[in-house]
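J.: Sequence isn't available, so here's the structure alone:
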């Protein structure tokens, strides 16, 4: 079944202690779409400026990502500049120029409105609501958010939550949202705010999934080389929702494998700058790392021989 | 098979944002011995002062913990005072009085020297070496350490490592020891230093196990209430080594269940101040949480209904 993602497409400049990349393709919807496309058809709802490169259109198009709702406006594409430290869990935003993204008004085509799976990437809650108003009863709505919206758009976010099936946010964000310091308590509080299920992202430490009747705790894939953590969360979401859509599942039964696929996509994404780790990837590698991941984390499995 | 632990027994004063405890039983060997005793006979090699309370002797004795090598010296028992913050992953040592512990010379009885399983808790590498010199070919030697010894006794620690089957240390420590920032690289570097296997403790995030041919990544048990993190690592070690000793295993085949039992013992330890979470514990609770833990972390298990 098909997936629609609404989010940002932009150019990132990334500085790390081991290298840098200038004006490379980024944005939440970009990572999500490329990751999810390994599993299922994807429509991309976003906005770019007149400087958006043919090569980057091509990168989406050659994967068969539906670009009918990728608006092109006069002006510059969104730009973000960030710096990571030796400890890749910390990053600083050095510059953010919204450019044409500040005029983003997501508009879905008639068939996109009937999509079964929808991912509201990290954009203003008001925009996320505007998308919900266009939808025709999807099977699953997932949403991400960030500290900025929690601090400044709490009302809109609170209104949104009861409509969200899968609410994805990171550890600091769920604590900020709920005022809890303990993660399990924070997760429960987020569920009380109305989200049907929360996926709490803990970076290299993995994910904690919670609903009223389920819980799943899993480590991230242990990587020897993290080059660029940008887009890890959106690639994770792409794997989770892409896999659920491929199975036509609402959650529950297929959720754990979906989360593992999410971790797998995130692990490939962070091994290269920008989307390089995802675009050069073959399905066989995804499948192989999925199986390795299962062996690596199975608490009953008695012995695993590393490659 | 029996386990011998060499480490500290002391009195802790603990301050947390949600309460405090004054002069309560603590020390690495204390937590280890009580946790391991759920699985197998344990001998305690440590030192206390003349102020050590009959009640606390009783607490060990009524569990059948062998106290023949718990020396009593004139003077005060070791005392530690520490403070935890809202984020329980951070703690400050406010005061450390070694007292009689500074005269600690571990001496094992003839039968303790023939022990099959030995845990060298976090004491000076020179003392750990002094214990090794007394041992008669044990099946498994495990050791812990801390930042202080890595910084100030690196030579002794380095000499020790090739004799260690299970080297347990936390994330910051393995990075400090090896100069690596990436955890997988740090683990491999620690293996190159001679340890046969490393268990990297990540607090509430779980554990990463590595040897030349194995790897296992597991989350910690997700707790809603962490009252006092003191002793979590030693309770973890008690569960791991206690379970291996009970099975007569060297590692490999039984290691993953052993690590899960370690996580289970640590989770009980941190739910109460001091050793309260362990001493009031029934085996049935350990067994139940073990099974819950397996269900909670099994990456293939599709649905778990929480209690």
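T.: Yes, it's here. Owing to the predicted nature of the structure, the values given are computational and were not obtained by experimental measurement.

J.: Low-confidence bits of chain A, can you list those?
T.: For chain A, applying pLDDT under 70 flags the ranges A:251, A:301-307.

J.: Could I get the full set of strands for it?
T.: Along chain A, counting by DSSP state E, strands occupy A:3-6, A:10-16, A:19-26, A:42-48, A:70-72, A:78-84, A:91-97, A:117-120, A:140-144, A:166-170, A:197-201, A:207-211, A:215-218.

J.: So what touches the last one?
T.: Contact with strand A:215-218 is made by A:206-209, A:255-256, A:259-260, A:263, A:297, B:206, B:219-222, B:296-297, B:299, B:304, B:306, as judged by Cβ atoms under 8 Å, 6 or more residues apart in numbering or on different chains. C-betas here are computed from N, CA, C, even on glycine.

J.: Sort out for me which of those residues are in helices.
T.: Per DSSP state H, helices hold the following members of those: A:255, A:256, A:259, A:260, A:263, A:297, B:296, B:297.

J.: What residue in the stretch 1-150 of chain A comes nearest to chain B?
T.: Nearest residue of the stretch 1-150 of chain A to chain B: residue A:86, at 4.8 Å (Cβ to the nearest Cβ).

J.: one step back: find the pair from the ones in helices among the contacts of strand A:215-218 with maximum spatial separation.
T.: Between any two of those, the greatest separation by Cβ to Cβ is 16.2 Å, found for A:263 and B:296.

J.: Mind checking which of these two has more residues around it?
T.: Taking neighbours as other Cβ atoms under 10 Å in any protein chain shown, residue A:263 and residue B:296 compare with residue A:263 leading, 26 against 22.

J.: tally of neighbours for residue A:191?
T.: Count around residue A:191 with other Cβ under 10 Å applied: 18.

J.: how close does it sit to chain B?
T.: 12 Å (Cβ to the nearest Cβ, to the nearest Å).

J.: again with residue A:197
T.: Distance, residue A:197 to chain B, using Cβ to the nearest Cβ: 12 Å.

J.: How about that residue, nearest residue that isn't a chain neighbour?
T.: Distances taken as Cβ to Cβ, 6 or more residues apart in numbering or on different chains put residue A:211 closest to residue A:197, at 4.2 Å, once the chain neighbours are dropped.

J.: Count the residues that sit near residue A:48.
T.: Count around residue A:48 with other Cβ under 10 Å applied: 26.

J.: That one reaches residue A:69, doesn't it?
T.: No: between residue A:48 and residue A:69 there is no contact under Cβ atoms under 8 Å: 11.6 Å.

J.: circling back: list buried residues within the ones in helices among the contacts of strand A:215-218.
T.: Buried residues within these, counting neighbours by 16 or more other Cβ atoms under 10 Å in any protein chain shown: A:255, A:256, A:259, A:260, A:263, A:297, B:296, B:297.

J.: just these now: which is nearest residue B:15?
T.: For those, the nearest to residue B:15 is residue B:296 (31.3 Å; Cβ to Cβ).

J.: what's around residue A:95, how many residues?
T.: 9.

J.: First-to-last residue distance for stretch A:129-145?
T.: 13 Å (Cα to Cα, to the nearest Å).

J.: What count of nearby residues applies to the closest residue to residue A:202 other than its chain neighbours?
T.: Nearest residue to residue A:202, sequence neighbours excluded (Cβ to Cβ, 6+ apart): residue A:171, at 5.1 Å. By the criterion of other Cβ under 10 Å, residue A:171 has 17 neighbours.

J.: now do residue A:213
T.: Residue A:213 is flanked by 11 other residues according to other Cβ under 10 Å.

J.: Run a quick neighbour tally on residue A:110.
T.: Other residues near residue A:110 number 8, with proximity taken as other Cβ under 10 Å.

J.: same check, this time on residue A:50
T.: 11.

J.: just residue A:105 next, same as before
T.: Around residue A:105 there are 8 residues (other Cβ under 10 Å).

J.: cool, and residue A:287?
T.: By other Cβ under 10 Å, 13 other residues sit near residue A:287.

J.: tell me the contacts of the residue nearest to residue A:14 when sequence neighbours are not counted?
T.: Nearest non-adjacent residue to residue A:14, counting by Cβ to Cβ, 6+ apart: residue A:21, 4.9 Å away. Counting by Cβ under 8 Å, 6+ apart, residue A:21 touches A:12, A:13, A:14, A:228, A:273, A:274.

J.: any chance of those residues in CSV, with distance to residue A:57 and neighbour count too?
T.: Shown next, in CSV, are the contacts of residue A:21 (distance: Cβ to Cβ, whole Å; neighbours: other Cβ atoms under 10 Å in any protein chain shown):
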residue, distance to residue A:57, neighbour count
A:12, 17, 23
A:13, 20, 17
A:14, 22, 24
A:228, 22, 28
A:273, 20, 20
A:274, 15, 22
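
J.: and residue A:12, what are its bridge partners?
T.: For residue A:12, the beta-bridge partners are residue A:24, residue A:80 (DSSP bridges).

J.: and the gap between it and residue A:31?
T.: Distance of residue A:12 to residue A:31, computed by Cβ to Cβ, to the nearest Å: 11 Å.

J.: Can you pull the residues that touch both of the two?
T.: Overlap of the contact sets of residue A:12 and residue A:31 (by Cβ under 8 Å, 6+ apart) consists of residue A:230.

J.: Can you give me the buried ones in stretch A:250-270?
T.: For stretch A:250-270, the neighbour count (16+ other Cβ under 10 Å) marks A:250-251, A:254-270 as buried.

J.: residue closest to the middle of chain A?
T.: With distances taken as Cα atoms, centre = their mean, residue A:234 lies nearest the centre of chain A, 1.9 Å away.

J.: before we move on, the earlier item: can you tell me which residues contact the residue nearest to residue A:197?
T.: By Cβ under 8 Å, 6+ apart, the neighbours of residue A:211 are A:191, A:196, A:197, A:198, A:251.

J.: Tell me, how many residues neighbour residue A:248?
T.: For residue A:248, the count of nearby residues is 12 (other Cβ under 10 Å).

J.: ok now do it, which residues does it touch?
T.: By Cβ under 8 Å, 6+ apart, residue A:248 lies in contact with A:1, A:116, A:139.

J.: How about residue A:93?
T.: A:80, A:81, A:82.

J.: who does residue A:210 bridge with?
T.: residue A:198, residue A:215.

J.: roughly how far apart are it and residue B:240?
T.: Per Cβ to Cβ, residue A:210 is found 27 Å from residue B:240.

J.: hang on, isn't residue A:279 packed against residue A:56?
T.: No: in this structure residue A:279 lies outside contact range of residue A:56 using Cβ under 8 Å: 10.6 Å.

J.: Spell out which parts of the stretch 201-307 of chain A neighbour chain B.
T.: Listed as neighbours of chain B in the stretch 201-307 of chain A under the rule Cβ under 8 Å from any Cβ of the partner chain: A:202, A:204-206, A:208, A:213-226, A:252-257, A:260, A:293-294, A:296-306.

J.: Can you select the buried ones among the residues you listed for me in ChimeraX?
T.: A single ChimeraX command selects the buried members of those (16+ other Cβ under 10 Å):
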select /A:202,204,205,206,208,214,215,216,217,218,219,220,221,222,223,226,254,255,256,257,260,293,294,296,297,298,299,304
